[in-house]
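>>> Dropping the sequence and predicted coords here.
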Amino acid sequence: MRTTSSPTSTRRSRRRSPVPLAIWLTISAGLIALAFWAQSEDGTTGDALYDVDLAINGLFFYGIVIAASFLIALAYDRPLRALGFRRFRLRWLWIAFGIVVLTIVVALVLEPVLHGGEQQGLAPDEWQPEHATAFALNTAVVVLLAPFAEELFFRGLGVRALAFLGGLAAILVSGVVFGLVHGILGALPPLALFGVGLAWVRLRSASVWPSFIAHAAYNGLGIVVLLIVWATDTPTS
């Protein structure tokens, strides 16, 4: 007698396939190695936000990350749902904002010891109007494109792929990998905390949008603080 596998069993096997996890871990390892190599080259200056090449490279790099996330998600029955493109309850957004506040507090407490913010070296010391266009482009990348790409890859895809190993592993591994991918050991504790917190929100809310909005707000707050510092830093004559 001829037997056939049911569509239900086929869908179940695709949902539990380890292939997306293996690909995600491989890409993550490459990103971590690349980040630490870039830091060892010490090519970032304090005027990086005034360099239009930073925005161009960001468009290229984050475009690849976004494309890779969508391609890997095709391994699931519903790729968009797998990535977390779902509605969410408003309370998860407020919880995500709470994680932002907690991360800022931890970063401020640890900064005198670890100097994580200082090691990033992106912020110029003063406003230079002649670089306004480059600054605006880099701000758009930092506040919108980078958070979308990172949330899509680490929380949207990463948490979904790592769920193969269980919810706790999905939260912890994706959070630590997110911190390591920045290539700054001094900033690892607050970044890992940020990643772990947003991964928990992603897992519980089943949506990537709360973490994206919170991440964009976090980066945007950094730009706002920088503008305030520039505005209040009056040079002595």
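That came through, no problem.
>>> same for the host helix or strand of Val201, what does it pack against?
Here Val201, judged by DSSP states H and E, is contained in helix 188-205. Counting contacts by 3 or more Cβ pairs under 8 Å, 6 or more residues apart in numbering; DSSP states H and E, helix 188-205 is packed against helix 90-114, helix 116-120, helix 159-162, helix 167-180, helix 209-232. (Each C-beta comes from the backbone N, C-alpha and C, glycine too.)
>>> Spatially central residue in this protein, please.
Most central in the chain under Cα atoms, centre = their mean is Glu150, positioned 3.1 Å from the mean C-alpha point.
>>> what sits against it?
By Cβ atoms under 8 Å, 6 or more residues apart in numbering, the contact list for Glu150 reads Val65, Phe178, His215.
>>> excluding its backbone neighbours, what's nearest Leu93?
Of all residues not flanking Leu93 in the chain, Pro210 sits nearest, at 4.8 Å (Cβ to Cβ, 6 or more residues apart in numbering).
>>> For the one you found, grab the count of nearby residues.
Pro210 sits with 27 neighbouring residues when counted by other Cβ atoms under 10 Å.
>>> Tell me who's in contact with it.
Residues near Pro210 by Cβ under 8 Å, 6+ apart: Phe88, Trp92, Leu93, Ile95, Ala96, Leu198, Val201, Arg202.
>>> for His215, same thing?
With contacts defined as Cβ under 8 Å, 6+ apart, the neighbours of His215 are Pro147, Glu150, Glu151, Leu198.
>>> Closest one of those residues to Ser40?
Lowest distance from Ser40 to the contacts of His215 (Cβ to Cβ) belongs to Glu150, with 21.7 Å.
>>> what bits of the chain have low per-residue confidence?
For the chain, the stretches flagged by pLDDT under 70 are 1-16, 42-46, 119, 121, 234-237.
>>> now Phe61: how far from Gly84?
To Gly84, Phe61 is 21 Å away according to Cβ to Cβ, to the nearest Å.
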